[in-house]
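Participant: for reference, the sequence and a predicted model appear below.
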Amino acid sequence: MTSDKISLELFERTATGKQAARLRKDGDIPGVVYGRDMDAINVQAPDNIVQKIVQRAGRHHPVYVTIGDLKKIVMIKDIDMDQVKNKILHLSMQAVSKNDKVETEVPIKLVGEGESPAEKVGLIVLQTLETIRIHALPMALPDALEVSITELAEPHEQLTVADIVLPTGVELDDAENVQSVVVASVYEPSALQAANESAGGDAEDEDEVESEHGEAGESDEDSEDTDSDPDSKDDDSKKE
């Protein structure tokens, strides 16, 4: 399952370090494009466009970028986030060749939810593996790997990675252990509830939670000034 071509126009930037904070306030996201046989290029792009591209591509779909006259196929490798504001601070993208296989992690999607005999008699099918690492050419990377649950019928039945039908050109990172890695299992509701209650434990003490997340009343400005900027990192460390 692959999606349409994803394209992104990037612009070279000269602002680095603390100057990159001004870019963000002006609505741009700083980033870097790096790769084999090329010098790292500091780039920027409008915040709203970057957000949409990241949502569509994630770390498992190639992005066709242009930087002036330069055209590259890249994979998003690292996304620095402001977890409080849920905003992207910096994007690292690795240039790849369309003729060389890449390794990445893709989601696993259960097909036929609500249609299995197990679910029809009140049992629960629980997904236990959300993502899996694969190898493929950039153009052959799927958005997700699908596995059907429509044959599950009895409690304790399982699907493993071996039940996933791989698209042409896609290989598993750990193909030798496909029989032992469980993707989904069938549970009786009472057994699942008991397991959840057993695993829940005691709630965290309120004071512990507060101290874990810092002092109350710290302003956004204070946080932004004290946070280290992603652009203070040496771009050479991004090269492979």
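Facilitator: That came through, no problem.
Participant: run the chain-centre distance for the lengthiest strand in the chain.
Facilitator: If you go by DSSP state E, the chain has its longest strand at strand 70-82. Relative to its chain's centre, strand 70-82 lies at 12 Å (Cα atoms, centre = their mean, to the nearest Å).
Participant: mean confidence score for the helix or strand that it is followed by?
Facilitator: Sequence-wise, the next helix or strand downstream of strand 70-82 (DSSP states H and E) is strand 87-96. Strand 87-96 carries an average pLDDT of 95.
Participant: same deal with stretch 148-158?
Facilitator: 96.
Participant: flag every buried residue along it.
Facilitator: Buried residues in stretch 148-158, counted by 16 or more other Cβ atoms under 10 Å: 148, 149, 152, 157. Just so you know, the C-beta spots here come from the backbone N, C-alpha and C atoms, and that holds for glycine as well.
Participant: mind listing which of those residues are in helices?
Facilitator: Among those, DSSP state H puts none in helices.
Participant: ok, which pair from these is furthest apart?
Facilitator: The distance between the two most remote of the buried residues of stretch 148-158 (Cβ to Cβ) is 13.0 Å, for 148 and 157.
Participant: returning to that earlier point: closest to residue 71 among the buried residues of stretch 148-158?
Facilitator: Residue 71 lies nearest to residue 148 out of the buried residues of stretch 148-158, by Cβ to Cβ, at 38.8 Å.
Participant: was I right about that closest one contacting residue 109?
Facilitator: No: taking contacts as Cβ atoms under 8 Å, residue 148 lies outside contact range of residue 109: 10.1 Å.
Participant: this structure: helices as residue ranges?
Facilitator: For the chain, the helices defined by DSSP H cover 19-25, 47-57, 117-120, 189-200, 206-212, 220-226.
Participant: okay, and for the protein, where does confidence drop off?
Facilitator: Counting by pLDDT under 70, the chain has low-confidence residues at 1-3, 200-240.
Participant: the same query, at a cut-off of 90, please.
Facilitator: 1-5, 15-22, 37, 59-60, 85-86, 139, 143, 165, 173-180, 189-240 (pLDDT under 90).
Participant: outline the domain layout of it.
Facilitator: Following automatic domain parsing, one gets these domains for the chain: 7-96, 103-199.
Participant: what distance separates the start and the end of the first one?
Facilitator: What that stands for is domain 7-96. One end of domain 7-96 to the other measures 15 Å (Cα to Cα, to the nearest Å).
Participant: distance from it to the middle of the chain?
Facilitator: On Cα atoms, centre = their mean, the centre of domain 7-96 falls 15 Å from that of its chain.
Participant: done for today, thanks.
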